[in-house]
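S.K.: Pasted the sequence and its predicted model underneath.
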Amino acid sequence: MNKLKSAITYGCLTKIRPLLIFYLVEYGLFALVTAVVVLCTGNFMPNTSGAEMSSAVCVSILGALSFREDFKVFLQNGFTRAYIFLSTFCSFLLMSAAMALIDTLLGNVLHHFINYITIFGTVYGYGNLFFNWLLLTFMYVMFCSILYLSSLVINKVGKTTSLLIGVGIAGVILLIAALFRFVFSPELVGMIGRFVTNAFGFMNDGTVELAFPIFTFLSVGVVFGLGSYALIRYTELK
Amino acid sequence: MGAIQIKGVTKRYKNFTALDDVSVSFEFGKIYGLLGRNGAGKTTLINIISNRIFADRGEILIDGIPAKENMAVHDKLFCMSETDLYNRDLKVSEHFKWTKRFYSEFDLDRALALSEKYDLDVNRRFKALSKGYQSIFKLIIALSVPVPYVIFDEPVLGLDANHRELFYSLLLKEFEEGERTFIIATHLIEEISGIIEEVVLIDKGKILLEDRVESLMEKGYSISGSKAEVESYCAGKNVIGSEELGGLKIAYILGEKDALPKDSSLQISAIDLQKLFVKLTGKGALQ
């Protein structure tokens, strides 16, 4: 258990420096943009937004780097792949929770003072800080899982095959779009649409179930996480 | 008695077999030299022992415990690799602290003392170190983790003569202080011949030879003289190589020495480990 704890600590503490730099740059840029808008327009409510998406991009990069950088370090230090997987996903959860907390608190405070717009606030309204934090946490974990699995796949199959897989995925997306446009009946499209809106918490009776989007992000994260575990078990040092 | 036991390990890549049904044992309390030419399979074997890659067939036991994906062997084995598996952005001192967290028995004071001996600046980041100092850093960590089995893969790569000597003396001192097993995979046979007790020679993915250095030195010899006399002496013996110059011939033999025939002009000489290695791996396989 101590070994797992030390691996989780390593996974988190070695990411603090890049995270601090990220937040300094992000909020520095945000302050600069706000100042420019205020100076140019005299509007003290500049309607800026986007911190969560930047965080999602940042956390995705950290997800990818977790494999590229940490996997070899853990192998050097005698950890098994099961331990590496567990510690990595615990680190993802902790990092995501911390970033979600920062984004939730800052987003809501800024919204209060300068009408800053958060994704959660835009979609589900402001005021529910706990669900805002929880949803962002699982959204970030999901992004980490997706990029972690992608890194494992790239490592496994090589760059050329990965590019071909990427082209294949793009083709499937186009195919699905075409199916929706030309093949599926309006009833089926409506049913799928309702399923997706339900998955994001918007129920047919007009109510909003905040637990649903959290469950959706968690489910996608778990699916990609399980995929990662299935792959990392057979991943060798290159 | 404890040992690293390698049982029937095979590892294949697309176009070639890196290890072919390798079985060998590294017993506790000895210093081994794992010798072999480039691409012989040394690093593949080391990587399988340390769970970095997987064998296609066979198994590794460390003190009777299966080594594959098993945290129970974490505190039994440490492997210093030729490749860099460390976070390049961390400082040396930070690496020491993390190693202390991963291996609770890691001797931090010893690591710092060794750093001073080697003039390694612990405040420098790993990526800022020269190739030689990166090797020194890895050696210091390996020497400060008090596990029963330590594997060094090309430990003195990029080190100058003074630092190499220092490493060998530290290794011997460490061995004297506490009984452990050191496995040294290297090309610099001449340098390690004085410190290793046992030799495991690997070639083309197969174990060519597994013996004590002392007994190997006794068994290996060269015989020189006229071509006809040398050939007559060598009949039925395990000749691992030969050289000819005009009517003279020198043959390298591995096996028991026979007494020289009466009035013979033949001369028997001892051969060093490096020569033996070159002849054995040059020949490809033992008879």
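M.R.: Received, thanks.

S.K.: Same question for the longest helix seen in chain B: list its buried residues.
M.R.: Secondary structure assigned by DSSP state H gives helix B:161-177 as the longest helix of chain B. Neighbour counts over helix B:161-177 (16 or more other Cβ atoms under 10 Å in any protein chain shown) mark B:163-164, B:166-168, B:170-171, B:174-175 as buried. Any C-beta I mention is one placed from the backbone N, CA and C, and that applies to glycine too.

S.K.: same question, stretch B:105-119
M.R.: Under the neighbour-count criterion of 16+ other Cβ under 10 Å, stretch B:105-119 has B:106-107, B:111-112, B:114-115, B:118 buried.

S.K.: go on, stretch B:227-240?
M.R.: Under the neighbour-count rule (16+ other Cβ under 10 Å), stretch B:227-240 has B:227, B:229-230, B:233-234, B:237, B:239-240 buried.

S.K.: what's the closest of those to chain A?
M.R.: Proximity of the buried residues of stretch B:227-240 to chain A was ranked by Cβ to the nearest Cβ; the top entry is B:Ile240 with 34.8 Å.

S.K.: Got the phi and psi for that closest one?
M.R.: Torsion angles at B:Ile240 (phi, psi; degrees, to the nearest 10) stand at phi -100, psi 0.

S.K.: Could you list the low-pLDDT ranges of the stretch 101-250 of chain B?
M.R.: Screening the stretch 101-250 of chain B residue by residue with the criterion pLDDT under 70, one finds no matching range.

S.K.: What residues does it have near chain A?
M.R.: Remark: the part of the stretch 101-250 of chain B in contact with chain A comprises B:101-104, using Cβ under 8 Å from any Cβ of the partner chain.

S.K.: Kindly provide the distance from the closest residue to B:Glu229 other than its chain neighbours to B:Ala228.
M.R.: In space, B:Glu229 comes closest to B:Leu266 once its chain neighbours are excluded; the distance is 5.5 Å by Cβ to Cβ, 6 or more residues apart in numbering or on different chains. In this structure, B:Leu266 lies at 11 Å from B:Ala228, with Cβ to Cβ, to the nearest Å as the measure.

S.K.: Ok, B:Ser264 next?
M.R.: 11 Å.

S.K.: Output the buried residues of stretch B:105-119 in TSV, with secondary structure appended to each entry.
M.R.: Output for the buried residues of stretch B:105-119, formatted as TSV (DSSP: H, G, I helix; E, B strand; the rest coil):
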residue	secondary structure
B:Phe106	coil
B:Asp107	coil
B:Ala111	helix
B:Leu112	helix
B:Leu114	helix
B:Ser115	helix
B:Tyr118	coil
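
S.K.: Max pairwise distance over those: which two?
M.R.: Greatest spatial distance in the buried residues of stretch B:105-119: B:Phe106 and B:Tyr118, 17.2 Å, computed using Cβ to Cβ.

S.K.: Show me what counts as buried in stretch A:107-125.
M.R.: By 16+ other Cβ under 10 Å, the buried positions in stretch A:107-125 come out as A:107-108, A:110, A:114, A:116-121, A:124.

S.K.: which one among the residues you listed gets closest to chain B?
M.R.: Chain B has its nearest neighbour among the buried residues of stretch A:107-125 in A:Gly107, at 30.1 Å by Cβ to the nearest Cβ.

S.K.: The closest one is in contact with A:Gly50, isn't it?
M.R.: No - in this structure, A:Gly107 sits apart from A:Gly50 without contact. The criterion is Cβ atoms under 8 Å, and the distance is 10.2 Å.

S.K.: Next, the contact list for residue 61, please.
M.R.: I'll assume chain A. Listed by Cβ atoms under 8 Å, 6 or more residues apart in numbering or on different chains, the contact set of A:Ile61 reads A:Leu147.

S.K.: My question was about chain B, not that one.
M.R.: Counting by Cβ under 8 Å, 6+ apart, B:Leu61 touches B:3-5, B:7, B:67.

S.K.: cool, and B:Glu256?
M.R.: When contacts are counted by Cβ under 8 Å, 6+ apart, B:Glu256 is found next to B:Lys219.
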